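Chemist: Predicted structure and sequence below. I'll ask about it afterward.
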Amino acid sequence: MDGIETYWIWLIVGLALAALEMVVPGVYLIWLAMAALSVAVLAFVSAPPLALQIIAWVSLSLIFAFSAKRWLRERPIVSSDPLLNNRVGRLVGETALVTQAIESGSGRVKVGDSEWIARGTDTDAGMRVRIIGSRGSELLVEPVALIEGDTAEDG
């Protein structure tokens, strides 16, 4: 290219892709950015023809992306809070108040300020139950004995 060295273009493209990676969800643009920055170094050092630079960018993009995919598959990122986006999973172990009697295995319970469909053994309204799991958006519950001095109205 006349007037502008191609390594500047690759450098700008690489930095732009790296900046877009911070805005766009996913982890794909960073590998394209790394390939563009690598080609910028290559173009600065040896100045190959533009066609070879483009082939190098495509090749390096594929190599970086597939290498990262394999590396991340073997070393998954472990969350410090695996139930972060699992609202129902966070409720396991909590106690709830039966608002609609659980009859024939189905009823409603109140947890915090929301009501949920509950499945479990037959329990009268006003009794406390412990959440032991979930099936979809339904809570699986079991009755618990009231603690001395605790009433069903304590919410």
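Modeler: Cool, the structure landed.
Chemist: tell me which residues in the lowest-mean-pLDDT helix or strand in the chain are buried?
Modeler: Least confident helix or strand, the chain: helix 87-90 with a mean of 81, by mean pLDDT, DSSP states H and E. Neighbour counts over helix 87-90 (16 or more other CB atoms under 10 Å) mark Val88 as buried. Any C-beta I mention is one placed from the backbone N, CA and C, and that applies to glycine too.
Chemist: In space, not sequence, find me the middle residue of the chain.
Modeler: Compute the mean C-alpha point of the chain, and by CA atoms, centre = their mean the closest residue is Asn85, 7.5 Å away.
Chemist: if we can go back for a sec, just the CA trace of the least confident helix or strand of the chain, in PDB.
Modeler: Output of helix 87-90 as PDB, limited to C-alpha atoms (Å, rounded to 0.1, in the frame of the first residue of the first chain):
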ATOM      1  CA  ARG A  87     -32.600 -18.600  41.700                       C
ATOM      2  CA  VAL A  88     -34.400 -21.900  42.400                       C
ATOM      3  CA  GLY A  89     -31.100 -23.600  43.300                       C
ATOM      4  CA  ARG A  90     -30.300 -20.900  45.900                       C
END
